[in-house]
Structure formats: C-alpha cells, structure tokens
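Novice: Need a 3D model of the sequence below.
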Amino acid sequence: MRNELTRWVVRYSGGPAFVRTKLCLALAAYAMRAVPTYWPDFIASFYQDLRSRVNLPVDGVLMAQPAMELALLEFLTIVPEELGRVEIEPARKTKLSDEVTRGLPVIINIVQEILLGNNATSKPKALDCLKSWVQYGITFDVIQPILGLVLNCLLDDGTFDAAADVWSEIMASKSAARHQDTICEGLMPCFATESEDIGRRLCQLLSTFGDNFSDWIAGKLLRADIVIYLEMMLSFAGFPGHYAEDETVSDLTLNFWYMLQESLSELPTDDGEDSSSPGDDSEDHQVTLSTISSAANTIGLDRNSLQAIKGSSLMMYTRLTEVLRKKLEFPPHHEWIKWTRDIRQEFIGHRQEIADTLINSYHVLHGQIVSLIIDACSIQLDRVHEASLLGTNPLENVQLETALVQLESSLYCMKALSEVVPNSESEQMPRFFGASIFGRLPVSIDCRARETAMTMIGKYNDSAKNLHSAALFSRCLYFVLTISSYADWFKQHPQFLLPALNFVIPALEAPQVAPYAAKALKSICDTCRESLVETIDAFMNVFANVEKSISPTIKGSVVYSIATVIQTLPMERSIAPLVGLLGDIFTHAKGCMEAQKLRLQQSSGGNTIAITPGSGGADESGHEPQTAMMLLRLDFLLACCKGLQSPLEDEYRTAEERVQLYRRLVLERTSVMAMGGLAVELARSMEQVIQGAVLFWPSEPDIIERVCQILKNMMSATHFSPLSLSLHSLIKVVETGYQRHAYPCWLDVAAKIASVYYFEATGGSLAIKLGSGTVSMGAGVAPASASPTPNQSAIVVDVEARAPDRAAQQQSPDELENEEVFKHMLAVLIRRTMEGMRSLADMEENPDVDFVNQSYDYPGLKQRVDDLIARMGPQIMRHLLLGLGGHVPRSLVPQLNDTLYPLIGKYTQESRRWMQSMLSESGFPSKHADQLSKEKFMKGVLQTRSPKKFKDEVHQFSNKCRQLDGSLFGAAI
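Specialist: Predicted coordinates for the structure are as follows:
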C-alpha cells in the first residue's frame, strides 16, 4: 500500500494542490499505523524515495525538483498534525514518537536546503512545514540552526507572512522564555530596519513579540533598536483611519501596552536602600529586575539606568495617550451614517478597549495623564469657540464638527479614567469641574440651532451606538456621563456638586440625552445625598424650572433620585421639598380620579360603580386612557416612596433598639402632624390619591398592585415618612380594597402592617384594629369576583409569621394579651380564606403550600399551620396525586414533587393515612396504575428521605399513570 500511495503522490506532485493534499493525508494515516514495524525510519525513507524519482517517468509523468519539494513538504506538514490527533495504544505511540525524533534532523535539513535555494514557490511551504512542527512542540535547540534563515525571510515580501507565522508560534511556545535573549536579539534587527511594508502581519508579529517578552523590553528600554520597535508599536496603535471601517490593525497593539506597564511596574524603585557597604565606591551599586515571566532571567540595572527608563516610559506613555485619544474620535457625520450596524458596533467596542488601555497608562503617568487630557479639553474648547464664529450648525461647519468630535474624545478619556483617579485627587480634577473646563463647556452650541442639533442626533440609529454617536453633536451627553462616573469624587468635593447638577438637570429636557442625565442624577443623589442637604433649596429650584419638560418615561427615576436626598433631611425640613416634588403629581392624579369618577357616573346613571378592565377604549398597553394616566402617577409616587426609604432599613437591631426606635418614630410622627399646614396637606393628598385609586379602580389589577406597592414602601420600621398614612387609614384602605376584589397583594400589605405597626397601642392594640378590618375581609361574604387561591393562604401565614418576630420583643401582659387577639383574628382570616375557595381546582394548577416546609419556632404559629394541614391536608394530597396521575401536564411534575416532598416529610403519618385511603380507590389517580405500582410508589416515598430517590419514585409512578413507563419519552423528564 505504501508503494502504491507513493506512486500516486509522485504522479500528482505537480497536479492540483487539493489532490496532492488528499494523497499525503492518506499516506500520513498509513504511517501512523505502519511505523515502525512496516515502515522504519519513515521520514528519511520517504525523502529518499521521492528524490530517487525526480525527473523519472511515472505512468508517463515526470516529477521535477520543485514538484518533489512541494509533495515532500506537504507530507511533512501533515505528519505533526496527524501525530496530535492519532488514537493508538501508548506503547505504539511511544515508538512512533521515537521514530519522529530520529527524523527531525532530516526535516530541519530539508527546510534549510529549501530556504537556501532559489525556488521561491517552495519557501513559503517550507515555512508552513516548520510552523507545523513548532506547534507540535519540537525543542528550541532543534530549530535554532535555521532561525537566521527564518529571520531573513521576514525581509522578503514573498515569505514575510509565512515567516511571521513561524515566529509567532516560536514566541508563544513554552520554551521561548528560556531563550528570550536569543530570540529577542535575533528579531530586533528585523524590527529596526524601518521597512515600508507596514501591514497587519508585521503588526501581529510585533505585538506577539511584545506580549511574550515585555519584561525583556522593559529592561532594555533605552536601546536604540528597542526605541525603534516602540516607535513602530506607537505607529500601529495610531494606524491611519477609523477602526473597523478603514483598518483592523490598531487593536493588535493594545494588550502589549498593558503587558509593558506590568513589566515596568516590576522594576525596582530608584530610591531603594543601597545594600552595598558604606563608602564602597569601587563599583556601581547593582539592583535586579525581577520579571513576571516564567523565565529564570535577571537583568542588572544601575540606579541611573532605572531613572532613565522611568523618564523614557513617561514620555512614551504620554505620546501613547494622545495617539489613543485620536483613535477614539468619531468619523464625520456624513461618513458615520454610511457605516453598517456591524461596523459601528465594532468601532464602539474598540473604544472600550482603548479606555482599558488608558487605565494602564494612568498607572505609569498617574496625575500627568489627567493633566494632559484636561489641557487637551481646554485647547479643544478654544477651537469650538473659534469655529462657532464661522457658523453654529455642525452639519454645515466642518471646523465646528471636528472640534466637537475632538472634545468628545477627551471627555470619553476622562470618563474612562474615573475608575482609577482617586476620590481624594484635589489638584487636577478641580480644574476639570471648575471654570476652566466645566464653565466653558458649550451647553448650547446655538440656541437657534437647538432643534437642528437634536434632529441631527435623532438621525442616528437607535442602539447602543446611539449613546456615542449622539455625543458628536450633543452639547452635554458625555459630560453628563463623566459627571456620573465621578460621583464618589463629588462626595469628597461637595463644593462642585451644585454646578454639576445645574448642568445635569437641564439636560433632562433633551429627549436624546435625558435617559443618561437621569442615570447621572441617580448616581449623584445616591452617592452624595448627605452632601446635597445644604443645597436642597437651590436643587429644588433647578428641578422646578425643568419639571414640566421631563419625559414621563424618566420622571420616575428623577423623582426617586430627588427623594433619596430629601430622605436625609430632618423631618421638618423635608416637607417643603416634598411638596415641590409631588405637587404636580398629586394635581394630575386628582384630575385622573375626577375624570374616572365622572365616567363611572355617566356609565351607571349617577351611581358610582366600577367598570371592569378593558370595558373602554384601550391604548397600546391595554389600559383605558385614564387608567394609563393614573398608573403613571402612581408609578411616580411609588418611586418617591422607595427613595424615601432609609438605607438603614434592613440593618439588624436588638429587641431593645427596635422598641426605642419605634417610640422615637411615634414621637416624630406626632410632632410633624402637629405642625399642620403643608405637612397635613401632604399626608391628606397622599391619602386621597390612595383611597381614590381603590374606589374608582377596584378591579384594575395593575392599579391595585401599584397601590399595594406604595403602601408597603411608605411603611418603615426605622424612618417616618411624611407620606405615611395613619394606621386607621391603612386598615380602612386594605379592608375596602379586599372587600371589593380579593387580590392577594392586599394580604401582603396586611403582613407589612403587622411587621411595622406591631407596637402600636394608641386607642387599642394593633391586633384589635387590624383584626376588626381583616376578620371582616375573611369572615364576610366573599365578593363575587373573589376566588382566593392557595397563594393567599401562604401570604396570610406570612402575616401571622411576622407578628411573633415582634412579640419576642414584648414583655407586658397587655401586649401578650393583644398578641393572642391578633393570633385569633389571623386564624379566622386563614380559615375563611381557605374555606372561601369555590373550587380546589386552583390547587391543581398551582399547589403552592410552601409554608408547609417552613420552620416556625413560635408555638402558636406552628399550631395554626398544623391545624390548617389537618383540615386541608386530604384535599391537598388528593390533588397532588391527581396531578401525578395525569391531570396536569408532565412539565408540572417537578413542581408537584417539590410540594409533595416537604408535605410527606413533615406530616409522615398523616400522609400515610391519606395515601392509603386514596390509593385504595379503583382507578385513582389513573386507570393505568395497578395496585402493585401504587403500593411500590407509597412505600418508596414514605420510606426515603433522599430527595433524589424520592424524585425517582414520583416520576416512575407518574410515568406509569400516563403509560410512559419504559419509554424514552418517559425517561426524558
């Protein structure tokens, strides 16, 4: 077979390349199996065989020397690839490796002979062959004799690409670190030739060299050839054109600058202690450069050299900063709109990579890079001013457009550096946020061109790229983002906060910029809320000037941000800002309520009754116009309530601390309400809106859900909110809403009331107050629309669960007596909620009894749950078994398992009794389940506590009931 394959290789040596490749693949596959038993010394043997047939006829075909070389190199290129993936027994593989090792000198001689020859066609193929063997892992010593030839190939246009690939593989090999001097000294003359052939391959080779030998370069930074190398890397970093559209070269260098910065940081400081003996001037003090590579290589550097390297690195990274800033610049508008979406996204991604590289530059330059960029901003602002004298429309004024593009790139640099600039920096950043930059920023290019500029921004496609493209002509977008990124810096320099907000808040008026301005405002308010307390009046004045122009889509975020600042104010000072923040919202909400009231009266002939959802003309969201408007106002109120929540809300406190805190809140609430005036009006307006929403939209689930969220967020155990409703009003709202439509969210509000107001004792205990309303919710006649689900039961149990947490902090007999009243009331609510269900079919669809698996340390609550299971357990078990038997889709079987497992685990004897009774029924839960399978299932689930085994038993029984046992489909669940 070998002779036959060799004959065909010779015959097609000068034929089509793909045929020659296929024949060599077949021969290499044969070699993997035949060597060494049937084909000893196969590399030298094949070489001699081909050489012996040069210029001899084979089936009428003469094989010339160039064709022989191509066939030989093709085979030798494929062999290492086959060696890497062949699967043979270890003993044979060892023998095969030994044969290959004996043939390596022959391969190196063949490559050397071809590279020294005059056949230009075979040289790239010889380099490809060498690359294949380097990838295979031959040692550096084997290829060292021909490295000079490979270096020379870098200087030849015909072999440059192939030689660059070889060197890339050599530099990335494991042995490269041990021979970095040999490799680097050999390559540097090639880099220093200043060849005009500057392309992606050369850049890739230079970058690979730098990535792998950055420590060597750092130690020899002053050498002339290294200087030329770095100049070339800078040139590639600033490769002409815009990335992705005009070039894809500049990104190859970015990792090198990171690696070089790391290596430079490993250099010893030049102010270290002299370890030589005092007065010893016989020789220069030597320090050692420790490298981060795996090479055990050290380079001796004296102090003067270290100082010179440091100075050179500062100049180099200073130049790099300006190069990278220019690469950040967007193209002119007329070019940008012609780019495809993919090109734009690549360009945006490249900007982020440049931002990361700028961070590396900061670790070399430190404050100098900030100063450089601020100086650039100053120069660019001068250009913007000069260019605007010739015309204020960037689309018509090329100089103005160019200046704005350059300014945006500098602002982007400042935003990138926010990750590393210390918050304590007080030398350069005040320049940036002061009059020299901030005060000169063009908030408006031209008031007459305002709409033109915004229209121009709108022409950009709406995607992630819009964030950046809008910045080309937006007066403030990237400065807004820069302000946001320096929120922590503002916290330590509060004197700059108000000027920053004077810039951010007006930006809320511009639709294209507003979402980012809202994010910036939120970041500043969250971080600097304490610092804004003293400027709250000026803050609110700025907000009042733009409030009516803010888009509803972002107003909720703005309201939340301002509320976080108001939350830090003393209670008496928070009233006026809240009135300013919510006055317009309350007015519009009351308007919606009046319109809805009139609509209801007209629909009912004078009687105020609710209209079911969807009964009127609905908008795109499915809501009637008045409902949609009311939802929007409720969203604003919800955002305000969330903002007013104290950051300390979830902190752990002892029982005594909670009691003291609650008493303080009671006093605070009393004093605020005693103030009258705006405080009373504010609370009254909130109550009117809440009650109106419940009265006029009782069956609108989205409205009720927002109301419940507002109620829960306005209640706090640590901080009294001026928007809070009194306990009496809260209970009245919950009772009214639940009676009109028994949405589960009302029970969740009841749970929050129990959690927050458990200490309430004014005019009677909380248990009595909440009980009078909640018992009527449960014990009264269920409304026609009510169909409570097991989810409600879980929530009610949660209501009861929260009270004992507070009960542990109470000691007085009266409070303990109130607790018993509260427990009694909740027990009635649990019973009426469960018994009020018209059908347990809901449990089939959603058997949510998660509370069964919870641990209740409080004996009274545990008894309540046990009583509930004693009454409802058989029904729950029946519907779980019916679900397993095929009454619900197979996809729900895992959920049924998750419910059945804790139920049986906690109530084993009861479950045994229920299952024995139910599974003895003929045809239950499925006619396909015989008595033997039922007994096996019951025994399996009752006797194991292993979740895995339990799950297996459940699925086997369910498959049996569905006639899927033993099938692939049944096993797939």
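Novice: what about the nearest residue to residue 388 once chain neighbours are set aside, which helix or strand?
Specialist: Spatial nearest neighbour of residue 388, excluding adjacent residues (Cβ to Cβ, 6 or more residues apart in numbering): residue 400 at 5.7 Å. For every residue, glycine as well, the C-beta is placed using N, CA and C. Assessed by DSSP states H and E, residue 400 sits inside helix 398-417.
Novice: top helix in the chain by residue count?
Specialist: helix 571-604 (DSSP state H).
Novice: Name the residues of it that come out as buried.
Specialist: The neighbour-count check on helix 571-604 (16 or more other Cβ atoms under 10 Å) flags 571, 574-583, 585-586, 589, 592-593, 596, 600 as buried.
Novice: Check which helices and strands the helix holding residue 400 sits against.
Specialist: With contacts taken as 3 or more Cβ pairs under 8 Å, 6 or more residues apart in numbering; DSSP states H and E, helix 398-417 sits against helix 303-327, helix 341-365, helix 367-388, helix 477-485.
Novice: next structured bit after it?
Specialist: helix 429-433.
Novice: Can you show me the strands along the stretch 1-150 of the chain?
Specialist: 57-58, 61-62 (DSSP state E, counting those that start in this stretch).
Novice: export the ones you listed to a markdown table and tack on distance to residue 878, mean neighbour count and mean pLDDT?
Specialist: Listed next are those as a markdown table, based on distance: least, Cβ to Cβ, whole Å; neighbours: other Cβ atoms under 10 Å; pLDDT from 0 to 100:
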| stretch | distance to residue 878 | mean neighbour count | mean pLDDT |
| --- | --- | --- | --- |
| strand 57-58 | 87 | 12 | 78 |
| strand 61-62 | 87 | 14 | 83 |
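Novice: Just put those in TSV and tack on distance to residue 642.
Specialist: Below are the strands of the stretch 1-150 of the chain laid out as TSV (distance: least, Cβ to Cβ, whole Å):
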stretch	distance to residue 642
strand 57-58	86
strand 61-62	85
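Novice: Please identify which of those strands is closest to residue 943.
Specialist: Proximity to residue 943 (Cβ to Cβ) singles out strand 57-58 among the strands of the stretch 1-150 of the chain, at 79.6 Å.
Novice: got the contact list for the closest one?
Specialist: Strand 57-58 is contacted from outside by 7, 10-11, using Cβ atoms under 8 Å, 6 or more residues apart in numbering.
Novice: Neighbour-wise, which one of those leads?
Specialist: residue 10 (23 neighbours; other Cβ atoms under 10 Å).
Novice: Could you report the pLDDT at that residue?
Specialist: What the model reports for residue 10 is a pLDDT of 87.
Novice: Could you check how far it is from residue 27?
Specialist: To residue 27, residue 10 is 11 Å away according to Cβ to Cβ, to the nearest Å.
Novice: Stretch 48-66: which residues count as buried?
Specialist: 49-50, 53-54, 58, 63, 66.
Novice: actually stretch 239-248, sorry about that
Specialist: 239, 242-245, 247.
Novice: CA-only coordinates of it, as CSV, when you get a sec.
Specialist: Taking Å, rounded to 0.1, in the frame of the first residue of the first chain, the C-alpha atoms of stretch 239-248 are listed here in CSV:
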residue,chain,number,x,y,z
PHE,A,239,-2.8,53.3,12.4
PRO,A,240,-4.5,55.7,10.0
GLY,A,241,-8.2,55.5,9.6
HIS,A,242,-11.1,54.6,11.8
TYR,A,243,-11.1,51.1,13.3
ALA,A,244,-13.4,48.5,11.7
GLU,A,245,-14.2,50.7,8.7
ASP,A,246,-10.7,51.6,7.5
GLU,A,247,-8.4,49.3,9.4
THR,A,248,-8.2,46.4,11.8
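Novice: gap between it and the chain center?
Specialist: Mean-position distance between stretch 239-248 and its chain equals 28 Å (Cα atoms, centre = their mean, to the nearest Å).
Novice: For residue 532, which non-adjacent residue is spatially closest?
Specialist: residue 565 (4.7 Å).
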